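S.K.: Dropping a prediction and its sequence here:
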Amino acid sequence: MTRFLKMIDRIRSGLWFVPAAMLSTAVALAFGLGALDHSFFRGSDDLPWWVYSGGPEEARGLLATIAGSMITVAGVVFSMTIVALSLASQQFGPRLLRNFMQDRGNQLVLGTFTSLFVYCMLVLRTVRGGELAPFVPHLSLSVAILLSIVAIGVLIYFIHHVSWSIQVDNVIGKLAKDLDRRIDESFGDLDENETPMRTAGDPATVTSLHDGYVQFYALEELVRGAAERKARVRLLRGPGDFAFRDRVLAEVWPPEAVGEGGDWIREAVTIGTVRTELQDVEFDMARLVEIGLRALSPSLNDPFTAISCVNRLGAALARICVLEARWQFRDEENEIRLEVPRIDFVQIANLAIDPMARAARSLPSVQFHQLEVLDRILKGAVPRSRGAILREHGRKIAEMIDRSSLGVFEVRALSELQSRLESGEGDEGERFMSPSMNLSTND
């Protein structure tokens, strides 16, 4: 299962798969329409009005023109794509390149022009002139004309799509949607019944065979495997963590359940050379932070982009404040079979707040906006312990702000914000629990 998921991730993050699939379709279409031409239109003078009716020389010229135009436009499209990737890497950071490479619009555009070129070349080889058995693939040529008109619309779409996709607000918005989806997958409601997994004696250990980042693990496979062996498994490295070769990756109780080297556990945990966003909430947040830090660098000095990142990170923190990370997983008999590293709220808050607060020392407007965002979060229903963490961050930011650069009204507003953070207005009582997630072993 993990191999399949890894293959899917490689397909999604590459530019080649969709164009290759469209190229294969173009080859099949060329041969299929050629067979229909031989069956229905060979030697026929009575052609429908919508079918191309020219001779062999005109057909060759038309196909050569379309093919030459398509390969030229394909080169332009490739060049524009490389330029867009270069700009994205410089402005947003190299970790954002995966998003641009996964963009289905870019892949479809590249596939359209390359596949139409191949289609025209294959049809061109079937055109025969002269006195001996002349043949013109009327239907295939008609489809080539139709596809060339479609390609013009695709080119117009591509120009719009590239200019839209590199706008920073759109990039930040897409990352925020990805982050929301990852929060939905990784967090659940607060639960009042946290039950530690029962363990007895020393566990057997499973070590990593490779150095690299834990990209994702197949939860259903691990729960099912543990249930079949009446075992309990604790993973010590979660998505985004770096695993060292020959160091402990998981612990298993009872020791005999680990089997032959713990291969059933290793096969369910994918380790790769780069971090991915598949199950890694912190990675999604870190990409937003990276955009904000680049915007705050002296070379860009773009506080508005940084403020957009602060807003999106604040919205994510507001959601996470009232949720708890899923870290225990049960089988169909409600037995805890798997524990994974818990996503720590303190670590999440530090990642979302501290780096940008430090980078914005010369831009008090960004720090002031961070305080406003924290104030808005604390006005909601926030557990007391987490509210205290956010208030502490607010106090540190307030201490860093250079008041000499603020106006009279900004100083007054800052004082009001500090007083609200000190008083803890809006915090709910303590309800800091951890849910479990039931996974059926019969899936």
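M.R.: Good, I have the coordinates.

S.K.: Sticking with the closest residue to Arg337 other than its chain neighbours, tell me its helix or strand.
M.R.: Closest residue in space to Arg337, ignoring its immediate chain neighbours: Ala226 at 3.9 Å, by Cβ to Cβ, 6 or more residues apart in numbering. Glycine gets a C-beta too; all of them are placed from N, C-alpha and C. For Ala226, the host element (DSSP states H and E) is helix 219-228.

S.K.: again, but for Asp246
M.R.: If you go by DSSP H and E, Asp246 is not part of any helix or strand.

S.K.: where does the residue nearest to it when sequence neighbours are not counted fall, phi/psi-wise?
M.R.: The shortest distance from Asp246 to any non-neighbouring residue, by Cβ to Cβ, 6+ apart, is to Thr207 (5.2 Å). When read as degrees, to the nearest 10, the backbone of Thr207 gives phi -100, psi 160.

S.K.: Isn't the residue nearest to Arg337 up against Leu338?
M.R.: Yes. Applying Cβ atoms under 8 Å, one finds Ala226 in contact with Leu338, separated by 6.0 Å.

S.K.: what is in contact with those two at once?
M.R.: Each of 232-233 lies in contact with both Ala226 and Leu338 under the rule Cβ atoms under 8 Å, 6 or more residues apart in numbering.

S.K.: For those two, work out which one has more neighbours and name it.
M.R.: Neighbours of Ala226 and Leu338, each counted by other Cβ atoms under 10 Å, are more numerous for Leu338; the result is 29 against 24.

S.K.: A helix includes that one, no?
M.R.: No. Judged by DSSP: H, G, I helix; E, B strand; the rest coil, Leu338 forms no part of a helix; its state is strand.

S.K.: where do the helices sit along the stretch 301-443 of the chain?
M.R.: Ranges of helices in the stretch 301-443 of the chain, per DSSP state H, counting those that start in this stretch, are 303-321, 345-359, 364-378, 384-400, 408-423.

S.K.: how deep is Ser419 tucked in, by neighbour count?
M.R.: Ser419, neighbours per other Cβ under 10 Å, totals 10.

S.K.: mind listing what's buried in the top helix by length along the chain?
M.R.: Using DSSP state H, we find that the single longest helix of the chain is helix 56-92. With burial defined by 16 or more other Cβ atoms under 10 Å, the residues of helix 56-92 counted as buried are 59-60, 62-63, 66-67, 69-71, 73-74, 77, 80-81, 84-85, 88, 91-92.

S.K.: circling back to that earlier point, give me the beta-bridge partners of the residue nearest to Asp246?
M.R.: Counting by DSSP bridges, Thr207 is bridged to Val248.

S.K.: Which per-residue confidence value corresponds to it?
M.R.: pLDDT recorded at Thr207 is 94.

S.K.: helix, strand or coil for the residue minimising distance to the centre of the chain?
M.R.: The centre of the chain sits closest to Glu277, judged by Cα atoms, centre = their mean, with a distance of 5.5 Å. Assigned by three-state DSSP, the conformation of Glu277 is coil.

S.K.: quick one, what contacts it?
M.R.: Shown in contact with Glu277 (Cβ under 8 Å, 6+ apart): 98, 178, 182, 283-284, 287.

S.K.: Produce a PyMOL select command limited to the buried residues of the residues you listed.
M.R.: Buried residues among the contacts of Glu277 (16+ other Cβ under 10 Å), as a PyMOL selection:
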select buried, resi 98+178+182+283+284+287
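
S.K.: where's the dip in pLDDT among the contacts of Glu277?
M.R.: In terms of pLDDT, Arg98 ranks lowest among those, with 76.

S.K.: ranges for the helices of the stretch 51-200 of the chain?
M.R.: 56-92, 97-101, 104-124, 138-165, 168-186.

S.K.: can you redo those helices as JSON lines with distance to Val27?
M.R.: Below are the helices of the stretch 51-200 of the chain laid out as JSON lines (distance: least, Cβ to Cβ, whole Å):
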{"stretch": "helix 56-92", "distance to Val27": "14"}
{"stretch": "helix 97-101", "distance to Val27": "25"}
{"stretch": "helix 104-124", "distance to Val27": "7"}
{"stretch": "helix 138-165", "distance to Val27": "13"}
{"stretch": "helix 168-186", "distance to Val27": "34"}
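
S.K.: quick one, which of these is nearest to Ser39?
M.R.: Nearest to Ser39 among those is helix 138-165; the distance by Cβ to Cβ comes to 9.9 Å.

S.K.: helices or strands up against the closest one?
M.R.: Packing partners of helix 138-165 (3 or more Cβ pairs under 8 Å, 6 or more residues apart in numbering; DSSP states H and E): helix 17-36, helix 56-92, helix 104-124.

S.K.: among those, where is the model least confident on average?
M.R.: helix 56-92 (a mean of 88).

S.K.: any idea how far the closest residue to Ser165 other than its chain neighbours lies from Thr126?
M.R.: Nearest non-adjacent residue to Ser165, counting by Cβ to Cβ, 6+ apart: Asp103, 6.4 Å away. Counting by Cβ to Cβ, to the nearest Å, the gap from Asp103 to Thr126 is 35 Å.

S.K.: Run a quick neighbour tally on Ala398.
M.R.: Ala398 has 20 nearby residues by other Cβ under 10 Å.
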